[in-house]
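S.K.: Predicted model and sequence follow; I will ask about them next.
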Amino acid sequence: MSILVPIILVLAVAYFIEFVRKHRSPGVQLSAAQRVILSKYAIHYQRLPAAEQRRVEAVVSAFLHRKEWMGAGMPVAEEMKVMIAACAAQLLFPFPDLELVHFQRIIVYPDTYRSPRSGRMHQGEVRPQAGVIVISWDDFVHGYAHSRDAHNVGLHEMAHALWFENLIRNDEHEFLEPRLLAQWKALATREVAKIKAREPHYFRDYAGTNQAEFFAVAVEYFFEQPRVFREALPEVYHALVGLLRQDPAEVA
Ligand SMILES: [Zn+2]
């Protein structure tokens, strides 16, 4: 048997897997009841033009149906799934096919919980090694109920998940444009140094922890105070517009 036969077989299998991945079914559509939850409570969705709302619905549906949902001491209600998926979609919808595949499980706690990892009370966290996103529902709702205070734990944790997903070598690796990401990191380094030096700064102090926290906090300001953010830190704001492929100041 020629040595070529096994090579051709391996290539054929790899091609088939890639074909199935690219042409997989678009997933179940949102039900009428799920769409009602979106239009009633998802502020970001309400503000978008109709064509973009359809794209958000597709992302919400994929996220809702492809993740494994676990309630910590309570069932995860349909409304919780739709709203957490809508939060993810707020970041994901401008990126075709991006689903945060590394993060397969979403754990929902009723409210603030003690993390087994840090031993401290948490409103949410991302566990990249386990591929898990954890959210306290009470704090999640609080984040959207006060939609202009730049505190939103849902967006904060989804931003962390997006940041890790970009770094992890899988099908969704490097979707953040490397040139824009390098520019972002340079600006973030400058701002983090300002916060650490206690110079006047716009973001809350926690953004000065490190690059990952700076990004997560910036995403909260980006969606909750886009115009004030643009005014206060125009270069940083426009870098984030490029990186995240959307401009909330032009929508809100
Ligand atoms: Zn964080």
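M.R.: Sure, I can see it. All values derive from a computational prediction rather than experimental measurement.

S.K.: Isn't Arg47 up against Gln246?
M.R.: No. Arg47 is beyond contact range of Gln246, at 11.5 Å (criterion: CB atoms under 8 Å). For the C-beta atoms, the positions are set from N, CA and C on the backbone; glycine is no exception.

S.K.: okay, those two: which has more neighbours?
M.R.: Neighbours were counted for Arg47 and for Gln246 using other CB atoms under 10 Å; Gln246 has more, 22 against 12.

S.K.: Going along the chain, name the strands of this structure.
M.R.: Taking DSSP state E to define them, one finds strands in the chain at 68-71, 105-109, 113-114, 121-122, 124-127, 132-136.

S.K.: residues in contact with the first one?
M.R.: The contact list for strand 68-71 (CB atoms under 8 Å, 6 or more residues apart in numbering) reads Val76, Lys81, Gln104, Arg105, Ile106, Ile107, Val108.

S.K.: Report the buried members of the residues you listed.
M.R.: Val76, Lys81, Ile106, Ile107, Val108 (16 or more other CB atoms under 10 Å).

S.K.: closest to Ala42 among those residues?
M.R.: Lys81 (12.5 Å; CB to CB).

S.K.: Just flag the most distant two among the buried ones among the contacts of strand 68-71.
M.R.: Lys81 and Ile107 (12.3 Å).

S.K.: and this protein, which residues reach the ion?
M.R.: For the chain, the contact set with the ion under CB under 5 Å from the ion comprises Glu213, Ala216.

S.K.: Find the centremost residue of the chain, please.
M.R.: Met158 (3.1 Å; CA atoms, centre = their mean).

S.K.: List the residues that contact that residue.
M.R.: Cys87, Ala88, Gln90, Leu91, Leu100, Ile133, Val219.

S.K.: redo that, cut-off 6 Å
M.R.: Cys87, Ala88, Leu91 (CB atoms under 6 Å, 6 or more residues apart in numbering).

S.K.: which residues does the first one contact?
M.R.: If you count contacts by CB under 6 Å, 6+ apart, Cys87 has them with Gly154, Met158.

S.K.: Check the gap between it and Val236 for me.
M.R.: Cys87 sits 22 Å away from Val236, going by CB to CB, to the nearest Å.

S.K.: mind checking how far Thr189 is from the ion?
M.R.: 18 Å (CB to the ion, to the nearest Å).

S.K.: er, Glu199 actually
M.R.: Taking CB to the ion, one finds Glu199 at 22 Å from the ion.

S.K.: cool, and Lys196?
M.R.: 17 Å.

S.K.: okay but that residue is in contact with Gly208, surely?
M.R.: Yes. Counting by CB atoms under 6 Å, Lys196 does reach Gly208; the two are 5.1 Å apart.

S.K.: Of those two, which one has the most company?
M.R.: Shown here are Lys196 and Gly208; by other CB under 10 Å, Gly208 has more neighbours (19 against 12).

S.K.: Skipping adjacent residues, who's closest to the more buried one in space?
M.R.: Of all residues not flanking Gly208 in the chain, Ile195 sits nearest, at 3.0 Å (CB to CB, 6 or more residues apart in numbering).

S.K.: Can you report how many residues neighbour the one you found?
M.R.: With neighbours defined by other CB under 10 Å, the count for Ile195 comes to 20.

S.K.: Walk me through the domains of this structure.
M.R.: Domain segmentation of the chain under automatic domain parsing yields 32-167, 178-250.

S.K.: how about those domains, which one is nearest Val10?
M.R.: Nearest to Val10, of the domains of the chain and by CB to CB, is domain 32-167 at 23.4 Å.

S.K.: Give me the distance from that closest one to the chain's centre.
M.R.: Distance, stretch centre to chain centre, for domain 32-167: 7 Å (CA atoms, centre = their mean, to the nearest Å).

S.K.: now the strands of the chain in a markdown table, with mean pLDDT?
M.R.: Formatted as a markdown table, the strands of the chain follow (pLDDT from 0 to 100):
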| stretch | mean pLDDT |
| --- | --- |
| strand 68-71 | 98 |
| strand 105-109 | 98 |
| strand 113-114 | 96 |
| strand 121-122 | 96 |
| strand 124-127 | 96 |
| strand 132-136 | 98 |
